[in-house]
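*Asks:* Model the structure of this input:
(chains A and B)
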2 protein chains.
Amino acid sequence: MSTALKSIKKNARAIHQKILKRQKPSMRLPVRALNNVRYKPSEGFFEISGKKKERTLTVGTVKTFAQTLRMMALSKDLIETDDIASKREAYYISKNWREAAFREQPESDTVMDDIEAMLGVNREQLGFIPEEKGGDVAGRLVVIDKDGDTGKSIRIDCTRFGSGAYSIPIGVEHLEFQSKAKFILAIETAGMFQRLVKHNYWKQANCILISMGGVPTRACRRFIRRLAESLDIPVYAFVDGDPYGICNIYRTLKVGSGNAAHLNKFFCVPQAAFLGVTPQDILDYKLPTHELKPVDIKRAEDALKNDPFIKHYKAWQDALRQMLKLGQRVEQQAFAKHGLNYVIETYLPEKLANPKKFLP
Amino acid sequence: MSTALKSIKKNARAIHQKILKRQKPSMRLPVRALNNVRYKPSEGFFEISGKKKERTLTVGTVKTFAQTLRMMALSKDLIETDDIASKREAYYISKNWREAAFREQPESDTVMDDIEAMLGVNREQLGFIPEEKGGDVAGRLVVIDKDGDTGKSIRIDCTRFGSGAYSIPIGVEHLEFQSKAKFILAIETAGMFQRLVKHNYWKQANCILISMGGVPTRACRRFIRRLAESLDIPVYAFVDGDPYGICNIYRTLKVGSGNAAHLNKFFCVPQAAFLGVTPQDILDYKLPTHELKPVDIKRAEDALKNDPFIKHYKAWQDALRQMLKLGQRVEQQAFAKHGLNYVIETYLPEKLANPKKFLP
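*Replies:* Numbering: from 1, shown residues only, chains lettered A, B, ... in the order given. Okay, here's the model as predicted:
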């Protein structure tokens, strides 16, 4: 039986027994808020602190209480029938719960968040999937999935997609991996990914290429995390050299986000290091740049002041200060100035010769 | 030699000969503007009308003239070396063109648009690719691609991706297809696509599933177009029943967009028909809905008044008016009210029994 299913049954049984004893049933939920978060470098992610709230069955909480139990029952069904429901589908299903129907989707989303925090599992393990797909893969990797009808294994060879790629499914908990790759290269833009795929860069570097398409989705982050863990190889991030690439895309990939702290332990990628583009690369490679916009400056200054991850690493503070001093940001595509395939022939090989120099 | 390469050489030669004759060289470009567009139902897309502008080499045009020629030369290189450049890369390459360097990317984008309009080909045929990936495929389809190094054929079997999918590359001109599918189902949301993939819906319906993820990217539209043409099968759109799903996603898929009229002949999918969700489905299937927001009402009213495609089809005017009268919009996921797999077991089979009833 899955951990999630065990946990649902245990919690439901406790509530049932309280009711049989004619006591008020209650649930204990971690407080999900920014002021209940800490960054633990040893663990490698934003973690929820100890504060809990108690939801006791009263006249005022009866509807939410009932909704939480029905949502847990739905999850139990999904797991037992090997089905899935998106957050929006879960909301619509409730339309048949009479008085317990959710009026708006934010209500059902909140209950779902509460359940995953309470059970200490992630939503995907409960059978709930996000609305968003995201993440493409090419290179030295075989993904092992199952046929939904027969249950037979399917081997998906990511070296065999030509100019195309393997698109990561929304739920990735069931996937297994085989690979002799040396590292995973997580790329911000679809354009750069397509260039590296077009030239079979994964052959020459013996790696797995993953296109994140901006800030990676939950599915993409979980996939990279499970992949890095299962293969025990590092993840190198190759993103634009701007505050958004560093403080949003890379930071979210590596340690997670503040407002989903109860989930970061599943979705962070502590194995990640920052290959580039660094502010120093602007000088070393004489790259064409753009001026920092006010929003870039604000984002970098905010991170220096408030982001527990940036505040933990002097190397990141130095890099962001260097960027602010230069007043310039740089894009992955800027290497094209030196020739379209300069990035493949010069930049990446030079960088990869010294992974210890990557930013943390 | 490719059409694009022939056309580049022909245009370049004409300019060269003018110069040798000591005459002022010039280029004739179609005017790319909304007032130079018409909807031709027989052709099936928004088409550019006859207006042309002439760019003659003068003191005032010399920089743009030079940039246009250099961009044509870059395209020639890309085609001859079988390489690609994204729009942004093309911009950065120009940083080495001295006085002809573009200052901002919108300048280089405009020159690229001019060239594709002048040569009557699409940007992808010139070796230029968009920044954006988009579009996932699963089901009864074998895509035939080439290995970039060896040139050998690669067969990609889209029935063999488990819960994942084939991710459409940014450039699709070189792909070939094999399939005995009866139709292509183009789906708006990743969540619905994942449900149909999870349950191998393509087996039961003998079809190809494509996730558009909102308004389809150029690559996704071109892929669907080439696929539908090559296999000679219809495309059924399954999107949210709201003005955005109808007037933006579906309309763009079927006939293209107003501001890229010189390209619609490549990117439209005249084979497309609208399976649902229709306003009538709200009543027939007793679906939970949301109230139309002011932006929805404005979009529908604008379309009724100004969109040449909607104005051409009474069936669409009736459907939009029905939606406005109901004051309600409906999402693909709404079927979950009747059970998660109602959409697979009831809605889609009932609809597909009568494709002639689909909206045009």
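*Asks:* what is the rounded mean pLDDT of stretch A:158-174?
*Replies:* Averaging pLDDT along stretch A:158-174 gives 94.
*Asks:* Can you measure across it, start residue to end residue?
*Replies:* Taking C-alpha to C-alpha, to the nearest Å, the first and last residues of stretch A:158-174 lie 17 Å apart.
*Asks:* With stretch A:177-197 instead?
*Replies:* First residue to last in stretch A:177-197 (C-alpha to C-alpha) measures 20 Å.
*Asks:* Is that stretch positioned near chain B?
*Replies:* Yes. Judged by C-beta under 8 Å from any C-beta of the partner chain, stretch A:177-197 and chain B are in contact via A:189-191, A:193-195, A:197. Using the backbone N, CA and C atoms, a C-beta is placed for each residue, glycine as well.
*Asks:* does A:Asp149 sit in a helix, a strand or a coil?
*Replies:* coil (DSSP: H, G, I helix; E, B strand; the rest coil).
*Asks:* coming back round to it: out of the residues of stretch A:177-197 next to chain B, who's the most crowded?
*Replies:* Among the residues of stretch A:177-197 next to chain B, the one with the most neighbours (other C-beta atoms under 10 Å in any protein chain shown) is A:Phe193, at 29 neighbours.
*Asks:* Show me what the host helix or strand of A:Lys63 is packed against.
*Replies:* Per DSSP states H and E, A:Lys63 falls inside helix A:62-80. Other elements packing on helix A:62-80 under the criterion 3 or more C-beta pairs under 8 Å, 6 or more residues apart in numbering or on different chains; DSSP states H and E are helix A:3-20, strand A:52-56, helix A:87-93, helix A:105-119.
*Asks:* Next to chain B, which bits of the stretch 101-250 of chain A? Give me the list.
*Replies:* A:129-133, A:136, A:143, A:145-149, A:154, A:156, A:160-171, A:174, A:189-191, A:193-195, A:197-200, A:203, A:211, A:213.
*Asks:* Might you enumerate the residues of the stretch 251-360 of chain A proximal to chain B?
*Replies:* A:288, A:331, A:333-338, A:340-341.
*Asks:* Let me have these in a markdown table, adding secondary structure as columns.
*Replies:* Below are those laid out as a markdown table (three-state DSSP):
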| residue | secondary structure |
| --- | --- |
| A:Pro288 | coil |
| A:Glu331 | coil |
| A:Gln333 | helix |
| A:Ala334 | helix |
| A:Phe335 | helix |
| A:Ala336 | helix |
| A:Lys337 | helix |
| A:His338 | helix |
| A:Leu340 | coil |
| A:Asn341 | coil |
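*Asks:* Same list, those, but as CSV with neighbour count please.
*Replies:* Converted to CSV, those look like this (neighbours: other C-beta atoms under 10 Å in any protein chain shown):
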residue, neighbour count
A:Pro288, 20
A:Glu331, 25
A:Gln333, 28
A:Ala334, 27
A:Phe335, 28
A:Ala336, 26
A:Lys337, 20
A:His338, 20
A:Leu340, 25
A:Asn341, 18
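*Asks:* Mind putting those into a markdown table with pLDDT?
*Replies:* Rendered in a markdown table, the data for these read as follows (pLDDT from 0 to 100):
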| residue | pLDDT |
| --- | --- |
| A:Pro288 | 94 |
| A:Glu331 | 94 |
| A:Gln333 | 92 |
| A:Ala334 | 94 |
| A:Phe335 | 95 |
| A:Ala336 | 94 |
| A:Lys337 | 93 |
| A:His338 | 94 |
| A:Leu340 | 91 |
| A:Asn341 | 92 |
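*Asks:* With distance to A:Leu57 added, can I get those residues in CSV?
*Replies:* Below are these laid out as CSV (distance: C-beta to C-beta, whole Å):
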residue, distance to A:Leu57
A:Pro288, 63
A:Glu331, 55
A:Gln333, 57
A:Ala334, 59
A:Phe335, 61
A:Ala336, 62
A:Lys337, 65
A:His338, 67
A:Leu340, 65
A:Asn341, 65
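*Asks:* neighbours around A:Gly135, how many?
*Replies:* Look at A:Gly135: counted by other C-beta under 10 Å, it has 27 neighbours.
*Asks:* wait, doesn't it sit right on A:Ile210?
*Replies:* Yes. Using C-beta atoms under 8 Å, A:Gly135 is in contact with A:Ile210, at 6.2 Å.
*Asks:* Quickly list what's touching both of these two.
*Replies:* Applying C-beta atoms under 8 Å, 6 or more residues apart in numbering or on different chains, one finds that A:Gly135 and A:Ile210 are jointly contacted by A:220, A:223-224.
*Asks:* returning to that earlier point: most tightly packed of the helices and strands packed on helix A:62-80?
*Replies:* Of all these, helix A:87-93 has the most neighbours on average by mean count of other C-beta atoms under 10 Å in any protein chain shown, namely a mean of 24.
*Asks:* which helices and strands does that one pack with?
*Replies:* So helix A:87-93, by 3+ C-beta pairs under 8 Å, 6+ apart, packs with helix A:62-80, helix A:105-119, strand A:128-129, helix B:190-198.
*Asks:* okay, the second one in CSV with CA atoms only?
*Replies:* Once non-C-alpha atoms are left out, helix A:105-119 reads as follows in CSV (Å, rounded to 0.1, in the frame of the first residue of the first chain):
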residue,chain,number,x,y,z
GLN,A,105,-11.7,26.7,-7.2
PRO,A,106,-9.5,28.5,-4.7
GLU,A,107,-11.5,26.9,-1.9
SER,A,108,-10.8,23.4,-3.2
ASP,A,109,-7.2,24.2,-3.9
THR,A,110,-6.8,25.3,-0.3
VAL,A,111,-8.3,22.1,1.1
MET,A,112,-6.0,20.1,-1.3
ASP,A,113,-2.9,22.1,0.0
ASP,A,114,-4.1,21.4,3.6
ILE,A,115,-4.4,17.7,3.0
GLU,A,116,-0.9,17.4,1.4
ALA,A,117,0.6,19.4,4.3
MET,A,118,-1.3,17.3,6.9
LEU,A,119,-0.4,13.9,5.3
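*Asks:* Quick check: end-to-end length of stretch A:189-208?
*Replies:* 15 Å.
*Asks:* next one: stretch A:95-108
*Replies:* So stretch A:95-108: terminal residues 11 Å apart, C-alpha to C-alpha.
*Asks:* Give me the residues contacting it.
*Replies:* A:63, A:66-67, A:70-71, A:87-88, A:90-91, A:94, A:111, B:288, B:337-338.
*Asks:* and A:Val172, what does it touch?
*Replies:* A:Val172 touches A:124, A:219, A:222-223, A:226, counting by C-beta under 8 Å, 6+ apart.
*Asks:* Just the pLDDT at A:Ala33, thanks.
*Replies:* 64.
*Asks:* between the helices and strands packed on helix A:62-80, which has the poorest average model confidence?
*Replies:* strand A:52-56 (a mean of 79).
*Asks:* In JSON lines, list the helices and strands packed on helix A:87-93 along with distance to B:Ala237.
*Replies:* Shown next, in JSON lines, are these (distance: least, C-beta to C-beta, whole Å):
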{"stretch": "helix A:62-80", "distance to B:Ala237": "28"}
{"stretch": "helix A:105-119", "distance to B:Ala237": "24"}
{"stretch": "strand A:128-129", "distance to B:Ala237": "23"}
{"stretch": "helix B:190-198", "distance to B:Ala237": "12"}
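*Asks:* right, and those - which one's nearest A:Thr278?
*Replies:* Counting by C-beta to C-beta, A:Thr278 lies closest to helix B:190-198 out of the helices and strands packed on helix A:87-93; the figure is 33.2 Å.
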